[in-house]
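Chemist: Provided below for reference: sequence and predicted model.
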Amino acid sequence: MFASTACTPIVQPLPLFSPDLHSRVDASFQKLRQEKMTRSTTQAWERELSSSLSEPDIVSITKWLAASTAMEPSILPEDTIIQAFLNVQLLDHYHQRNSALRELTSIQKQIDKLLFGTNGTQQHQHNLFEDLTDASEALSDNEEDEDEEEDFISTPLNEISSPLSSESHSPEHKRQRFSEIQDPSPLPFFLPPISFQEFDGLPILARNKSKWNKLLQATPGFWFKKCSSWANSLQMSYNHREETTDDDRQQYYQSVVDVLREMRQVKPSIYHDQAWKTAVKTSNLHSIVNLWSDPKCLVVWKSDFMQILIRKHRIHESLALVLFNWIPEDVTKVWTEEDFFKVFLFQTQGKKITKSKELIRAIKKNPDIIPRRAYPSSIFFLLSLQNFELALEQWLIYGLEALRYNVSFFKEKENIKQIYDNIWPYLNQMIPAFFANTDASLRLILQRSVSFRKLIDKPPKHILQNKKTLNTTCTKCSNLPSEYHCMQKIMVTPQKLEDKYLGCGVSLAEPHDHIKPIPIPHSKTGSKNIKPILHPEQLKLKKYEWNNEILRNCGMQIFLIVEEGTGKILDFWIYNAFSDEIFQQLVMHHSKLQSVKKLTRGSKFNSYSQGKMIPKGARAPMGGAPGDTYTFYTGMEAVTLKDIEALFDDAEDSMILSEAGRVILLDVYKDLQDISAHGDRLGLSGANTYSCNNYTSPLHCDNDAGAGLCAQLDLQAKSALYEYGFIYADNRVYFASRSNSLWYL
């Protein structure tokens, strides 16, 4: 390990460490300059150079990086070392010395993070503790990127547990040396002039996005060229949209993602400029984006890269949304949304579809009309009338017309309802003969859709098994004392839990039996970051649990948490919430292997969170991938039969919980449906579900868009301590958990 010295990073000459590698890098740049400079060509340069690196090359690169940072980078992953080398070489080659130094500074910080908290001393002039706590100083150069949704997730100031420091906490010489590598000078003084070809090939990294925008803003002469470059890249990929096989499909895909990424980078101060608007129009970029927004794309663009662009990036919407943001608000505010079926121009040629059986036969004959790969949610198109109408608008009308069917019958809403309602009698009559010669994927979609429809009424029937409505008396217990009624009210006056308790664990166990908190990386023994485990009595919590006699008599038990004074139902808990048939189905679905990665929770979950929480449905972009957008979680596909089975399992789980909850709180159910109406549907709803295994969390507050429902399927824990119970902290109550429970939160 190098000696602990405070050193500003220096881009060391590569020939000192490997003349051969320097010659190859130099030759690669000469080759790069001969091509049209785009993001795709620079990324191809990265791939080609990195694939040519041998073990001796990597050793030389590591030594070069060690000398450039005055630290020991060998503790970093090999791919991190190689990527840093490529980034620095590229930036330095294009005269971006300050950005190259920032890349080296980033490596220094990564090494410090790995060593922070050990007995080693700090190895460079940036004190990591100060960088973490004095975010205003460390991030000052990235203020313009605060609205950027790609590439990285910054840590909010309110999630940093250490006290904020100020610049005066550092010795003056350290503050001065830290500022020496900042770039306070405005353009164009801190960046030497470069050609447009060099600018067009610049990679956008986490630490040079502001510089990229400053350079773009300072050189209006680049604007038309940049818009033209985007238009050319989009046009080239668009020309191959219907080719099922193409050797260059990866290049086309990456080229479009790069354009989307760069267009999103452009700041308001640029796109509000009249000269920028002129550049967009003159370059014809707006017309190309319009081509990419073709609503027929889901069913007519068959190339692999197009399918992935739609699935991962919703490219048919994302590019248009960027352009929409560039349009002045005084123009867009007068736009009105019109009904699809009133403005769509239906073709009148071809075989006319007027009956349910004609529609199903057309789909049976052309099963690929369902855009399963590009839009997994499309397999749910028959689960409800709303889903069916949405499918018609998004892809089914276009697919049928492309197959030369006359679908003008769908212009009237009454006709749509008529066809949808008659689908089910037709499908039920055709089983199993109808499915004998049907595509396997379509057969599974139709069969699971029929099963789904038969399942919808079962959850409410179980909850209302002994009564007509929720508010009518139960025929089994109405004559018994109130403590034996299957529905009981808990009257509460909500009081917000004090913030000091957030992040704490809660347990009935004796202190010597408490679990040890999960260590926070690099925290020291006795650190105040670690929250205590509290006893329910410290929070004045009252316990509620099931009554076996009530369960035997009525088959279920409901607790309603009601606000004192208003009579408003705040929350509820149901024991034996599902019939045996439904319950076993939920358990079976939950026991299957999951193909979606678990969630990573926030800092308040550091100490006492365990197990897995696996999301299902669509999610908003969180900055993890270039060109990220709102779409189904990775792993939720509809390509194979196994994929389709898994999605329908998730859809049934979502529906069962929603239908059971609807009986108790209809208004909340409607609110949830309204909130999620525009989301990609997981069955009937755009709301997400979360499958948990061995999951616990500390006291916390959620800031979700709407209400939620939770179900305990299979509880395996120490019953004496009521483990895995659920706390309504603001209402000062907690419920002992039990298998086959449902609650609202």
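Modeler: That came through fine. Numbers count the residues shown, from 1 in each chain.
Chemist: Arg261 is in contact with Pro203, isn't it?
Modeler: No. Counting by Cβ atoms under 8 Å, Arg261 sits too far from Pro203 to count as a contact (10.3 Å). Backbone N, C-alpha and C define where each C-beta goes, glycine included.
Chemist: so what sits against both of these two?
Modeler: Arg39 (Cβ atoms under 8 Å, 6 or more residues apart in numbering).
Chemist: Could you report the pLDDT at Tyr253?
Modeler: Here the pLDDT value assigned to Tyr253 is 90.
Chemist: Please report how far it lies from Thr41.
Modeler: 15 Å (Cβ to Cβ, to the nearest Å).
Chemist: When these two are compared, which one has more neighbours?
Modeler: Tyr253 (23 against 18; other Cβ atoms under 10 Å).
Chemist: Tyr734 belongs to a strand?
Modeler: Yes. Assessed by DSSP: H, G, I helix; E, B strand; the rest coil, Tyr734 belongs to a strand.
Chemist: hey, what's it bridged with?
Modeler: Counting by DSSP bridges, Tyr734 is bridged to Lys543, Ile727.
Chemist: so it makes contact with Tyr724?
Modeler: No. Using Cβ under 8 Å, Tyr734 is not in contact with Tyr724; the gap is 11.1 Å.
Chemist: quick one: which of these two has more around it?
Modeler: Legend: neighbour count by other Cβ under 10 Å for Tyr734 and Tyr724, higher for Tyr734 (20 against 17).
Chemist: For the more buried one, give me its contacts.
Modeler: Tyr734 touches Val506, Pro536, Leu541, Lys542, Lys543, Tyr544, Tyr722, Gly725, Phe726, Ile727, Tyr728, counting by Cβ under 8 Å, 6+ apart.
Chemist: try 10 Å
Modeler: 506, 536, 539, 541-545, 722, 725-728 (Cβ atoms under 10 Å, 6 or more residues apart in numbering).
Chemist: again with Ser739
Modeler: Residues counted as contacts of Ser739 (Cβ under 10 Å, 6+ apart) are Tyr575, Asn576, Phe583, Val587, Ala711, Gln712, Leu713, Asp714, Leu715, Gln716.
Chemist: quick one: which two of the contacts of Tyr734 are the most distant?
Modeler: Pairwise distances among those were taken by Cβ to Cβ; the largest, 17.5 Å, belongs to Leu539 and Glu545.
Chemist: Which element, helix or strand, includes the residue of the chain most remote from its centre?
Modeler: Distance from the centre of the chain peaks at Asn479, with 51.6 Å (Cα atoms, centre = their mean). Applying DSSP states H and E as the criterion places Asn479 outside every helix and strand.
Chemist: for Gln110, same thing?
Modeler: Using DSSP H and E, Gln110 sits in helix 97-115.
Chemist: What of Phe572?
Modeler: Assigning secondary structure by DSSP H and E places Phe572 in strand 569-575.
Chemist: Which positions within the helix or strand just after that strand qualify as buried?
Modeler: Next along the chain after strand 569-575, taking DSSP H and E as the criterion, comes helix 580-591. By neighbour count, and taking 16 or more other Cβ atoms under 10 Å as the criterion, the buried residues in helix 580-591 are Ile582, Phe583, Gln585, Leu586, His589, His590.
Chemist: tell me the secondary structure for the nearest residue to the fifth one once chain neighbours are set aside?
Modeler: The shortest distance from His589 to any non-neighbouring residue, by Cβ to Cβ, 6 or more residues apart in numbering, is to Asp649 (4.2 Å). Per three-state DSSP, the secondary structure class of Asp649 is helix.
Chemist: need the helix or strand of the chain with the lowest average pLDDT.
Modeler: helix 135-138 (a mean of 33; mean pLDDT, DSSP states H and E).
Chemist: Skipping its backbone neighbours, what lies nearest Trp424 in space?
Modeler: Arg453 (6.3 Å).
Chemist: in a helix, that's where the one you found is, yeah?
Modeler: Yes. If the criterion is three-state DSSP, then Arg453 is within a helix.
Chemist: where in the stretch 201-350 of the chain is pLDDT low?
Modeler: Scanning the stretch 201-350 of the chain for pLDDT under 70 picks out 206-207, 244-246, 343.
Chemist: One more pass at 90, please.
Modeler: For the stretch 201-350 of the chain, the stretches with pLDDT under 90 are 201-215, 217-219, 221, 240-252, 254, 261, 264-265, 294-304, 307-318, 327-350.
Chemist: Distance-wise, check Gln269 relative to Gly221.
Modeler: If you look again at residue 269, you'll see it is Ser, not Gln. 17 Å.
Chemist: cool, and Ala320?
Modeler: Distance from Ala320 to Gly221, by Cβ to Cβ: 27 Å.
Chemist: the more surrounded of those two?
Modeler: Relative neighbour count places Ala320 above the other of Ala320 and Gly221, with 16 against 10, counting by other Cβ under 10 Å.
Chemist: Name all residues that make contact with the more buried one.
Modeler: Each residue near Ala320 by Cβ under 10 Å, 6+ apart is listed here: His286, Val289, Asn290, Trp292, Ser293, Arg314.
Chemist: and the fourth one, how many neighbours?
Modeler: Read that as Trp292. 25.
Chemist: where exactly do the helices run in the stretch 401-550 of the chain?
Modeler: Per DSSP state H, counting those that start in this stretch, the stretch 401-550 of the chain carries helices over the ranges 413-430, 440-455, 458-463, 548-554.
Chemist: And the ones you listed: which comes nearest Glu198?
Modeler: Here helix 440-455 is closest among these (Cβ to Cβ), at 48.8 Å.
Chemist: Now do the buried residues in the closest one.
Modeler: Buried residues in helix 440-455 (16+ other Cβ under 10 Å): 441-450, 452-453, 455.
Chemist: cool, and stretch 84-100?
Modeler: Within stretch 84-100, the residues scored as buried using 16+ other Cβ under 10 Å are 84-94, 96, 98-100.
Chemist: Please state the offset of it from the chain centre?
Modeler: Offset of stretch 84-100 from its chain centre (Cα atoms, centre = their mean, to the nearest Å): 31 Å.
Chemist: Rounded mean pLDDT for that stretch, please.
Modeler: Averaging pLDDT along stretch 84-100 yields 86.
Chemist: Equivalent analysis for stretch 552-566, please.
Modeler: The pLDDT scores in stretch 552-566 average 93.
Chemist: So what's the gap between that stretch and the chain middle?
Modeler: With Cα atoms, centre = their mean as the basis, stretch 552-566 stands 36 Å off its chain's centre.
Chemist: May I have the distance across that stretch, first residue to last?
Modeler: End-to-end span of stretch 552-566 (Cα to Cα, to the nearest Å): 33 Å.
Chemist: Now that stretch: buried residues?
Modeler: Quick answer for stretch 552-566 (16+ other Cβ under 10 Å): Asn553, Cys554, Gly555, Met556, Gln557, Ile558, Phe559, Leu560, Ile561, Val562.
Chemist: and the helix or strand Val289 falls within, what does it pack onto?
Modeler: Using DSSP H and E, Val289 maps to helix 285-292. Secondary-structure packing of helix 285-292 (3 or more Cβ pairs under 10 Å, 6 or more residues apart in numbering; DSSP states H and E): helix 223-238, helix 249-265, helix 274-282, helix 315-326.
Chemist: For the second one, buried residues please.
Modeler: Judged by neighbour count (16+ other Cβ under 10 Å), helix 249-265 contains these buried residues: 249, 251-265.
Chemist: got it, and stretch 316-331?
Modeler: Buried, per 16+ other Cβ under 10 Å, within stretch 316-331: His316, Glu317, Ser318, Leu319, Ala320, Val322, Leu323, Trp326.
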